[in-house]
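Asks: Attaching a predicted model along with its sequence, questions to come.
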Amino acid sequence: MLERLQKIIARAGIASRRHAEELISSGMVTVNGHTVTEMGSKADESRDHIKVNGRLLRPEKERIYLLLNKPPEIVSTMSDPEGRRALSDLLHGVTQRVFPVGRLEYHAMGLVFLTNDGDLANLMLKARHLKQTYNLKLKTLLTFEEIESLSRATGAHIVRLKGKDAPWYEVTLSEARNDALRTRLFQTGHAVEKVKRVAIGNLALESLAPGRHRAPSDAEVATLLRLVQPSSEAIAIPRRSRIKRRPFIPKPKPGRKSQRPALTAQHAGNHVGATSAVAAPPSKRENDYSPGENRPASNAAGRSGAPRGPLDRGHRRNRSRQATPSRPKKNR
């Protein structure tokens, strides 16, 4: 499979991608005996003979992962041209070639992650959300206002460690802004005396002695891969189902009677006392009767016609409402 040369060199653990590009441009990389200086050149590490500075590149098939507790005054590289002690002096019994992911200052101590997995190293260096936890020993105590100001300026979460007489603080950073935090502390008059890195993501230093190293478990490596792996697929937001709504029925206003449908003759006939009210002929007025004509007996109210019951009154009221059209209600 054809891949970029700088990616192959970085995965082999010889150098980072940026350093690999410098090696290619300086003419120190050859492919099948031909010097390659053009950026973006590709090769197949399974078939092509790739040499870096005259050394044949043999990609490591077995992945190595190490956690090292670096003591102070150790250079965070595998070799130092000035002759100072480097990380390779602490890796006793490790025959495979590994390299550190990231740097830790010369006077600082704590956790260093080493591997020969170039892909994982690149993901860790690019993952800005990968949190790193430090323990800082300051010369003087911080006030609550200073802690809030430092947190806003650097994005660090600062908590004082309990059980220690000296002012030790636990600082969690989501980006590599340790230098900015130390500069800010120095400007505010709080000099940093000691720096110790205790965690990188889910990898913790725990009880590892200074100058010792251990191999993380498979579960720790798998969790680290999930933390730094970018999400290739976008999360699909499920479509909301349409809600079936009932038809809008306006409620009657308070103090106003509801308009019921008019009571028809068929419905009125089903009630007791409604037959006489419906079947009774229309009553005549007092002047319509001729002399000697039999007049119907008057009711208690002095009016002619059949006795009026509650249904009859309601029927007449509905008839009067039906005759007068009501104004349409406005939808609120």
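Replies: Thanks, I have it.
Asks: show me what contacts the closest residue to P230 other than its chain neighbours?
Replies: Of all residues beyond its chain neighbours, the one nearest P230 is L123 (7.6 Å), with distances taken as C-beta to C-beta, 6 or more residues apart in numbering. Using the backbone N, CA and C atoms, a C-beta is placed for each residue, glycine as well. Taking C-beta atoms under 8 Å, 6 or more residues apart in numbering as the contact definition, L123 lies against L225, V228, Q229, P230.
Asks: Verify the stated contact: the second one with R128.
Replies: No: applying C-beta atoms under 8 Å, one finds V228 not in contact with R128, separated by 10.2 Å.
Asks: For the residue nearest to P230, grab phi and psi.
Replies: The phi and psi torsions at L123 (degrees, to the nearest 10) take the values phi -60, psi -40.
Asks: so how far is R152 from it?
Replies: Relative to R152, L123 is positioned 29 Å away (C-beta to C-beta, to the nearest Å).
Asks: residue boundaries of the strands in the stretch 51-200 of the chain?
Replies: Remark: strands assigned in the stretch 51-200 of the chain by DSSP state E, counting those that start in this stretch are 55-56, 65-70, 99-100, 109-115, 132-138, 157-160, 168-173, 192-200.
Asks: what about the residue nearest to P230, distance to V221?
Replies: Between L123 and V221 the distance, using C-beta to C-beta, works out to 12 Å.
Asks: Which helix or strand contains G211?
Replies: Under DSSP states H and E, no helix or strand contains G211.
Asks: so it touches L90, yeah?
Replies: Yes: in this structure, G211 sits in contact with L90. The criterion is C-beta under 8 Å, and the distance is 5.4 Å.
Asks: neighbour-wise, which of those two wins?
Replies: For G211 against L90, the residue with the higher neighbour count under other C-beta atoms under 10 Å is L90, and the figures read 19 against 14.
Asks: what's the burial count for S149?
Replies: 14.
Asks: Give me the pLDDT value at it.
Replies: Predicted confidence (pLDDT) at S149: the value is 89.
Asks: Which residues are in contact with T223?
Replies: By C-beta under 8 Å, 6+ apart, the contact list for T223 reads G201, N202.
Asks: which sections of the stretch 1-150 of the chain are below the confidence cut-off?
Replies: The stretch 1-150 of the chain contains residues with pLDDT under 70 at 13, 59-61.
Asks: so where do the helices sit in it?
Replies: Counting by DSSP state H, counting those that start in this stretch, the segments of the stretch 1-150 of the chain that form helices are 5-11, 17-25, 118-126, 144-154.
Asks: And the stretch 151-300 of the chain, by the same measure?
Replies: In order along the chain, the stretch 151-300 of the chain carries the following helices (DSSP H, counting those that start in this stretch): 178-187, 218-228, 265-268, 274-279.
Asks: Overlap of the contact sets of G211 and L90?
Replies: With C-beta under 8 Å, 6+ apart, G211 and L90 have common neighbours K70.
Asks: how near is the closest residue to V31 other than its chain neighbours to S26?
Replies: Spatially, and ignoring its direct neighbours in sequence, V31 is nearest to A43 (5.0 Å; C-beta to C-beta, 6+ apart). A43 sits 17 Å away from S26 when distances are taken as C-beta to C-beta.
Asks: Same check on P167?
Replies: Remark: distance between P167 and S26 (C-beta to C-beta) = 48 Å.
Asks: Same drill for the two, tell me which one is more crowded.
Replies: Each of P167 and S26 has its neighbours counted (other C-beta under 10 Å); P167 has more, 16 against 10.
Asks: So that one sits against K137, correct?
Replies: Yes: between P167 and K137 there is a contact under C-beta under 8 Å: 6.9 Å.
Asks: Contacts only, for the residue nearest to V31.
Replies: Shown here is A43, whose contacts under the criterion C-beta under 8 Å, 6+ apart are L2, E3, L5, I8, V31, I50.
Asks: Swap in 10 Å and give it another go.
Replies: Contact partners of A43, counting by C-beta atoms under 10 Å, 6 or more residues apart in numbering, are 1-5, 7-9, 29, 31-32, 36, 49-50, 57.
Asks: Same question for S16.
Replies: S16 neighbours (C-beta under 10 Å, 6+ apart): Q6, I9, A10, E22, F99, V101, G118, A121, N122, L125.
Asks: Apart from its neighbours in sequence, what residue is nearest the first one?
Replies: The shortest distance from Q6 to any residue other than its chain neighbours is 3.9 Å, reached at A20 (C-beta to C-beta, 6+ apart).
Asks: likewise the second one?
Replies: Once flanking residues are discounted, I9 sits nearest to A20: 3.9 Å by C-beta to C-beta, 6+ apart.
Asks: what about the one you found, neighbour count?
Replies: One way to gauge burial is a neighbour count; for A20, by other C-beta under 10 Å, it gives 24.
Asks: Surely it is in contact with V36?
Replies: No: taking C-beta atoms under 10 Å as the definition, A20 is not a contact partner of V36, at 11.4 Å.
Asks: what's the overlap in contacts for those two?
Replies: Common neighbours of A20 and V36 (criterion: C-beta under 10 Å, 6+ apart): L5, M28, V29.
Asks: Cheers, nothing more for now.
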